Each structure stands twice: as C-alpha cells, then as structure tokens.
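# With the sequence up front, the predicted model follows.
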Amino acid sequence: MTFVIFFLSLFMVFYVYVGYPIIAFIFSRYRSRAVEKNVWVPMVSVVIAAYNEEDAIAETVRNKLALDYPSEKLEIVVISDGSTDQTDALVSQFEEANVRLLRQEPRAGKTSALNLAIPQLKGDIVVFSDANSLYDPGALRALVANFSDPSVGYVTGKMVYTDEDGTIIGDGCSAYMKYENVLRSVETRVGSVVGVDGGIDAMRRDLYQPMNADQLPDFVQPLKVVAQGYRVVYEPEALLKEHSLKSSADEYRMRVRVSLRALWALYDMRQLMWLPQNRIFSWQLISHKLLRYICFVFLGALFLSNLALLNQGGGYALLFLLQCLFYLMVIVAPFLESKGYKLKIVTFSRYFALLNIACAHATYKFVRGQKQVLWTPRKG
C-alpha cells in the first residue's frame, strides 16, 4: 500500500505542475483555436471597486483616463464599498471627466459592489480593475479587440510585477505569474483559459450574471461565461502593472483568502467539472484548479510514504534527500534574504511552499464551512 501511495503521489505532483501543461501544449498543436481579432471600438465601462483606497485611487483613475481609447466611448465607475477615508472625495474630483462614483452602504464586499454597478453601466464591454491597478496605455484596445470574435465572452490580460526591490515574495510571485501566463496562452489555443487575473479582465455586459456575496468574481464570472457557451481567452498585450507584496504574511493572507473563495466557487460551479458538451474544459478545470488547490495532499503523502520506504533502496533515499533539501531551503530563505543572498531556487521554493500551505489552510476553512466576504485590500 505504501508503494501505491508513493507512486500515485509522485505522479500527481508531476501531473499538476508539469504533466498537465505539457499535455495541454501538445493538444493545442492539434486543436489551435485562434481568436479572430479586428479593430472594434465599442462603448466600454471600467469598473473599480474600492475600500479605503485613498493612497492609490486618484492615480488609478488618472491612469484609466489616460488610456489610448476615445473618451466619448469610455466611462469609469468607482464603487466605494463603505469607504471611511478620502476615497470618495478624491474620486469626486474627476466627475467632469466621465468618472462616476457609486457608493455601497453598508460595506458588503467587492462581489456585491459589482452586482450593484453592472446594471447601471453604459458600456457593451465591462472592464474590471482593482483600485491599485495601472494599465499600459494600449491595454484597453488590446482587450477589446478580442470581442470582435463572437465566440469570445471574457478576456483576461497579463499582470507584470514592477517591484524590483529584490524581496523574495516579489520575485517569487513574479515567477509564478510568468508560469501562469504561459499556461494561459496554451489554454487559449485549446479553447478557454481556466484562471484569470481580476485586475485586468473584460467581459460582454449582457453575459454578466449576479453572484452570491461570498463568490470570487474573477473565478465565478468566467465560469458562468463558459457555461453560457462562450470562450474565456488570454490577451498578453493587455498589460497590468502592479506592485507585489513585500511581506510574506500579507502574501499568505491574500493566498488563503483567494484559495478559500476559489474552493467555494468550484463547489458552487461543480457541474462544470462534467460538461458533456465541453469535456475538454472540464478536464482543464479539474487539472488546473481542483488538483492544484489540493496538491498539498499529494506533497504530504509523497514525503511521508517516501520516509516509510527509505530502507527499500538508493532511489528512495535520493528522492527523500531532495525533498528535505527543498524544505530546508524554504526554512532558511528568510535568513538568506536578510544576508543579501538572492538565489532563484530558494525564492521559488519558498513561494511554492507558501502557496501550498495557504491552500491547506484554506481547505481546512472550507471543510469547516467558513466563508469570507470582506477583507482589507492588498497593499503592494
């Protein structure tokens, strides 16, 4: 039995992070669904949900006003989610520049804010921005061009972390996003991407469906679009610049929150894991999301079963040594960082461990029935 657990766990860890991307890439070579892009300039509404974002909101609004897009075809709507600082006053200064302020009172979270705002928008296309998201000047045109293809219902852009202070979490999450963006490119060619970035997303307004307050918008809404028969695609030319988190604790809390809400989203949308009319997407959803969130189980089982098999030969001893070295790098990473050592393998190891521990924590909360609707916005 120990042998079975060992080899199954080893296979699953490999499949989740390496095997699935390779299979998806091979599949995309035989079934490449290119997006038919053409120049199209529809009415666009940029929606920004904000809670106490006085440090960032003015710069974000100015960034959206400066986008390379006709001003008469662009409206910017900021939903202040019960903000108690100067967020509302700062947004009000832009009212003459196609910027509207909506206030949600009492505070009810980002998802409820979107449910409130969407019916009041003028745009045919809705773009979702975080309160600290800065777009490249051509990002909006790049996003919108994808909607000239009638099969496309949702588009996600590319996040790039601009924090170059060398902190481990900044470097680690940048490497993680590079990996995710390559995978999104592959999944787009297959048909639809599974994961999107909530800081630079766009969708057809008439496809929007209200969500429960605890649901993760940038996970559930794309799934709802797929359920309606449309594609979700990745646009690498639509760039979002955002600072990474400098603190491991901040990054960890954010990952636990996102993972918990994603697990509930998978539960709520579980019917998509078996779509007779789109079994390829079901395979993608299970491989890229469900198995990724529970991979900590396979990692733990691999370590323990490997420990039990140490007396079975050199191969088991070697793999166990490699695992121990990996986790040792995770433990010593803060010390190495404090001494000025910036080794990529250490950076990657620590961030990989952080992600999986956060998933384990979120799964524990999920099993206990805990949900999270409100949170303090992430700070770069």
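Structure's in. What do you need? Note that the structure is a prediction, hence the values are computed from the model and not measured. Residues are numbered from 1 along each chain as shown.

# Identify the residues contacting stretch 204-215?
Stretch 204-215 has contacts (CB atoms under 8 Å, 6 or more residues apart in numbering) with 45, 108-109, 111-112, 114-115, 118, 121, 123-126, 147, 153-154, 217, 220-221, 224-225, 228, 230, 261, 264-265, 268, 371-373. From N, CA and C alone the C-beta is placed, and that goes for glycine too.

# quick one: buried residues of it?
Buried residues in stretch 204-215, counted by 16 or more other CB atoms under 10 Å: Arg204, Arg205, Tyr208, Met211, Asp214, Gln215.

# Please identify which pair of the residues you listed lies farthest apart.
Spatial extent of the buried residues of stretch 204-215 (CB to CB) is set by the pair Arg204 and Asp214 at 24.5 Å.

# I'd like to know which of the contacts of stretch 204-215 are buried.
Among the contacts of stretch 204-215, those classed as buried by 16+ other CB under 10 Å are 45, 108-109, 111-112, 114-115, 118, 121, 123-126, 147, 153-154, 217, 220-221, 224-225, 230, 261, 264-265, 268, 372.

# now, which of the buried residues of stretch 204-215 sits nearest Phe14?
Within the buried residues of stretch 204-215, proximity to Phe14 (CB to CB) peaks at Gln215, which comes in at 31.7 Å.

# Tell me which residues of the longest strand that the chain contains come out buried.
If you go by DSSP state E, the chain has its longest strand at strand 231-242. Residues Arg231, Val232, Val233, Tyr234, Glu235, Ala238, Leu239, Leu240, Lys241, Glu242 are the ones in strand 231-242 that count as buried (16+ other CB under 10 Å).

# and which of the residues you listed is nearest Leu290?
Nearest to Leu290, judged by CB to CB, of those is Val232 at 17.0 Å.

# Would you confirm that the closest one contacts Lys224?
No: checked against CB atoms under 8 Å, the pair Val232 and Lys224 is beyond contact range at 10.1 Å.

# rewinding a little: just checking, which of the buried ones among the contacts of stretch 204-215 belong to strands?
Taking DSSP E, the ones among these that sit in strands are Ser45, Ile125, Val126, Gly153, Tyr154.

# Now distance to Arg100 and pLDDT too, for those residues, in a markdown table please.
Output for those, formatted as a markdown table (distance: CB to CB, whole Å; pLDDT from 0 to 100):
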| residue | distance to Arg100 | pLDDT |
| --- | --- | --- |
| Ser45 | 9 | 96 |
| Ile125 | 17 | 97 |
| Val126 | 14 | 97 |
| Gly153 | 25 | 96 |
| Tyr154 | 23 | 97 |
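
# Can you name the two of those that sit furthest apart?
Ser45 and Gly153 (16.0 Å).

# relative to its centroid, which residue of this structure is most remote?
Relative to the centre of the chain, the most outlying C-alpha is that of Asn311, 42.2 Å out, by CA atoms, centre = their mean.

# distance of Ser185 from Ala49?
To Ala49, Ser185 is 28 Å away according to CB to CB, to the nearest Å.

# So these two - more neighbours on which side?
Under the criterion of other CB atoms under 10 Å, the comparison of Ser185 against Ala49 puts Ala49 first, with 27 against 17.

# give me phi/psi at the more buried one?
Dihedral angles phi and psi of Ala49 (degrees, to the nearest 10) take the values phi -90, psi 130.

# so it touches Lys110, yeah?
Yes: at 4.4 Å, Ala49 and Lys110 qualify as touching, with contact defined as CB under 8 Å.

# residues bridging contact with these two, i.e. touching both?
Counting by CB under 8 Å, 6+ apart, the residues touching both Ala49 and Lys110 are Asp81.

# And the contacts of stretch 298-310?
Contacts for stretch 298-310 (CB under 8 Å, 6+ apart): 2-3, 5-6, 8-10, 12-13, 16, 316-317, 319-320, 323, 356.

# rewinding a little: so which of the buried ones among the contacts of stretch 204-215 belong to helices?
Counting by DSSP state H, the part of those found in helices is 111-112, 114-115, 217, 220-221, 224-225, 261, 264-265, 268.

# Provide a list of residue ranges in the stretch 51-200 of the chain with pLDDT below threshold.
162-174 (pLDDT under 70).

# Which residue ranges of it form strands?
Taking DSSP state E, counting those that start in this stretch, the strands of the stretch 51-200 of the chain run over residues 74-81, 99-104, 125-129, 134-135, 152-161, 200-204.

# so when I look at Lys365, I'm seeing a helix, right?
Yes: assessed with DSSP: H, G, I helix; E, B strand; the rest coil, Lys365 lies in a helix.

# Report how many residues lie close to the nearest residue to it once chain neighbours are set aside.
Residue nearest to Lys365 in three dimensions, not counting chain neighbours: Leu260, with 5.2 Å by CB to CB, 6 or more residues apart in numbering. By the measure other CB under 10 Å, the count of residues near Leu260 is 24.
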